[in-house]
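A.B. asks: what follows is a predicted protein model with its sequence.
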Amino acid sequence: MIVLGVESSCDECSVAVVEDGATVLGQVIATQLDEHAPFQGVVPEIASRTHTRWIVGVYRRALARAGVNPRDLDGVAVTNRPGLVGSLVVGLSFAKGLAYGLGAPLVGVNHMLAHLYAPQLASPVEYPFLGLLVSGGHTIIARSESPLSMEVLGTTIDDACGEAFDKVAKYYGFGYPGGVAIDRLARKGDDRAFAFPDASLHKAGHRYDVSYSGLKTAVINQLDQFWNGASERSPENIAASFERAAVDMLLRRLYRAVADTGLTRVVVGGGVAANTRMRASLAARTDLQVRFPTLELCTDNGAMIAGLGYHLLRSGTHDSLDLDASARVERFRSTYP
Ligand code: KG4
Ligand code: ZN
């Protein structure tokens, strides 16, 4: 079964063709990084307009790369949640037109579940596993039993992890995207120069949850309070200390989930998975089998949408042409809704 996947939930415009949910025949990912760089953050209006201009070209190039004729497509899968609604609507409308024109089935895909599926496109990971999804828009610790199931164990109660990197970098003028700039600076810094606090979310129900808003405030407004009094208050030291707090906070919750569930397979996804400290810390846990997808499959991409779309179509899930987009998904705890 050959499925085309469309992804436009944020600032990546991507289309891919995937065979049997496993083999990527061709993919194009057009990033809007340069469009948003002057604003040091994704501007929703610019994102949706750019998708509108790019989507047809991205689709044509993806088909050419795959060497596939539109008539060979057995289905069209599209991210319809969660994301920036204006951006989602562009991909969704395009996918609807294509499915209608071809008389092919259409299926809406949950972007978060697709991130968990991404590593399966390189080489299969056995279920069940724990998933760690960290990007500019999401921070999730989940348990997955199958491609179509995801139980959210923990999430952020405020800002996403990547969002905290971006906001700290923007405030100090470190560069864009913030995560990349902080990662680069942190390699030359002292991560003990500031002892930024972890949020104490000890109450029942928050066992695996994180909070980044307090950390962000501490780094931006309360440097003195957490300074060790000796190290230089340099960009490198601020970056290294912030990165230590942000990454370790998340990994503590993940390791708690490992201990509680007994699961030792961990799948990591999202832009923050590129972080050097996170990769090194996870790699040091030799008792875990940690799978990082390639960079192309880690960030937003059409292949993971087509891959999961295959499983949905095979299970008999189809959507009608009045399928809507949605900014959020409920914190779901069962199989695919
Ligand atoms: O998955 P992604 O490309 O887009 C979405 O947000 O969906 O993730 C982008 C996020 C940004 O917040 C960026 O600052 C962060 O990932 N990021 C990093 C690194 N590279 C990208 N954060 C920490 N360290 C990095 N090396
Ligand atoms: Zn994403």
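C.D. replies: Yep, it's here. Ligands and ions are numbered 1, 2, ... in the order given.

A.B. asks: quick one: Ser281 and Ala246 touch, right?
C.D. replies: No. Between Ser281 and Ala246 there is no contact under CB atoms under 8 Å: 11.9 Å. The way it works is simple: take the backbone N, C-alpha and C, and place the C-beta from them, glycine included.

A.B. asks: just want to know which of the two has more residues nearby.
C.D. replies: Using other CB atoms under 10 Å as the criterion, Ser281 and Ala246 rank with Ala246 on top: 29 against 18.

A.B. asks: which helix or which strand is home to the more buried one?
C.D. replies: For Ala246, the host element (DSSP states H and E) is helix 235-261.

A.B. asks: which other helices and strands does that helix contact?
C.D. replies: On a contact count with 3 or more CB pairs under 8 Å, 6 or more residues apart in numbering; DSSP states H and E, helix 235-261 meets strand 129-134, strand 139-146, strand 149-155, helix 161-172, helix 178-186, helix 213-221, helix 276-284.

A.B. asks: can you tell me which of those is most buried?
C.D. replies: Highest mean neighbour count among the helices and strands packed on helix 235-261 (mean count of other CB atoms under 10 Å): strand 129-134, with a mean of 27.

A.B. asks: relative to helix 178-186, how tilted is that one?
C.D. replies: With axes from the mean of the first three to the mean of the last three CA atoms, to 10 degrees defining the directions, strand 129-134 sits at 90 degrees from helix 178-186.

A.B. asks: in the stretch 1-150 of the chain, which spans are strands?
C.D. replies: For the stretch 1-150 of the chain, the strands defined by DSSP state E, counting those that start in this stretch cover 2-7, 12-19, 23-31, 75-81, 106-110, 129-134, 139-146, 149-155.

A.B. asks: got the ones you listed as JSON lines, with mean pLDDT and distance to Gln120 columns?
C.D. replies: JSON lines is the format used below for the strands of the stretch 1-150 of the chain (pLDDT from 0 to 100; distance: least, CB to CB, whole Å):
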{"stretch": "strand 2-7", "mean pLDDT": "98", "distance to Gln120": "13"}
{"stretch": "strand 12-19", "mean pLDDT": "98", "distance to Gln120": "10"}
{"stretch": "strand 23-31", "mean pLDDT": "98", "distance to Gln120": "11"}
{"stretch": "strand 75-81", "mean pLDDT": "97", "distance to Gln120": "15"}
{"stretch": "strand 106-110", "mean pLDDT": "97", "distance to Gln120": "14"}
{"stretch": "strand 129-134", "mean pLDDT": "96", "distance to Gln120": "11"}
{"stretch": "strand 139-146", "mean pLDDT": "95", "distance to Gln120": "10"}
{"stretch": "strand 149-155", "mean pLDDT": "91", "distance to Gln120": "13"}
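
A.B. asks: will you turn the ones you listed into TSV that also has distance to Ala64?
C.D. replies: What follows is the strands of the stretch 1-150 of the chain, written out as TSV (distance: least, CB to CB, whole Å):
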stretch	distance to Ala64
strand 2-7	13
strand 12-19	10
strand 23-31	7
strand 75-81	17
strand 106-110	22
strand 129-134	31
strand 139-146	33
strand 149-155	34
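
A.B. asks: check what pLDDT Gly205 gets.
C.D. replies: We have a pLDDT of 71 for Gly205.

A.B. asks: quick check: it is in a helix.
C.D. replies: No. Counting by DSSP: H, G, I helix; E, B strand; the rest coil, Gly205 falls outside a helix, being coil.

A.B. asks: what's the separation between it and ligand 1?
C.D. replies: 26 Å (CB to the nearest ligand atom, to the nearest Å).

A.B. asks: now swap in Gly108 and tell me
C.D. replies: In terms of CB to the nearest ligand atom, Gly108 sits 18 Å off from ligand 1.

A.B. asks: spit out the contact partners of that residue.
C.D. replies: Ala77, Val78, Thr79, Asn80, Arg81, Leu92, Asp319, Leu323 (CB atoms under 8 Å, 6 or more residues apart in numbering).

A.B. asks: report the separation between it and Leu63.
C.D. replies: When distance is defined by CB to CB, to the nearest Å, Gly108 is 21 Å away from Leu63.

A.B. asks: fine by me, thanks again.
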